[in-house]
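Peer 1: Output the structure for:
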Amino acid sequence: MGFINVYSRATGEKHRVPKHFMDHPTLKKPFRLTPKQRATDDAAAESATPATDVATATSATPTTETPAAGAKE
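Peer 2: Next up is the predicted model:
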């Protein structure tokens, strides 16, 4: 848990609040992030690696399928 700097929407005064306040819809309502804090959050979001689909390597040798019992070829 840490503290972050925010501004009060009503008065414009600077405050330090627990970081989890900004994750809660009711607790964050009277506050807005400082420009420095917004830049820090944006930089952290950009540095996060997005999830990607992982392609699995296929075998170099082809497989031969055998017909099911009773199947006619």
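Peer 1: use CA for all of it now, contacts and neighbours both
Peer 2: Will do.
Peer 1: The helix or strand encompassing Gln37: which residues count as buried?
Peer 2: Gln37 is part of helix 35-47, with elements assigned from DSSP states H and E. For helix 35-47, burial by neighbour count (16 or more other Cα atoms under 10 Å) applies to no residue.
Peer 1: same check, this time on stretch 8-16
Peer 2: For stretch 8-16, by 16+ other Cα under 10 Å, it's Ser8.
Peer 1: In PDB, could you pull the C-alpha coordinates for that stretch?
Peer 2: This file holds the C-alpha atoms of stretch 8-16, laid out as PDB (Å, rounded to 0.1, in the frame of the first residue of the first chain):
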ATOM      1  CA  SER A   8      -9.400  18.000  -4.100                       C
ATOM      2  CA  ARG A   9     -12.100  18.600  -6.800                       C
ATOM      3  CA  ALA A  10     -14.000  21.000  -4.500                       C
ATOM      4  CA  THR A  11     -11.100  23.200  -3.100                       C
ATOM      5  CA  GLY A  12      -8.100  22.400  -5.400                       C
ATOM      6  CA  GLU A  13      -6.000  21.700  -2.300                       C
ATOM      7  CA  LYS A  14      -3.300  19.000  -2.500                       C
ATOM      8  CA  HIS A  15      -3.700  15.900  -0.300                       C
ATOM      9  CA  ARG A  16      -1.900  12.600   0.200                       C
END
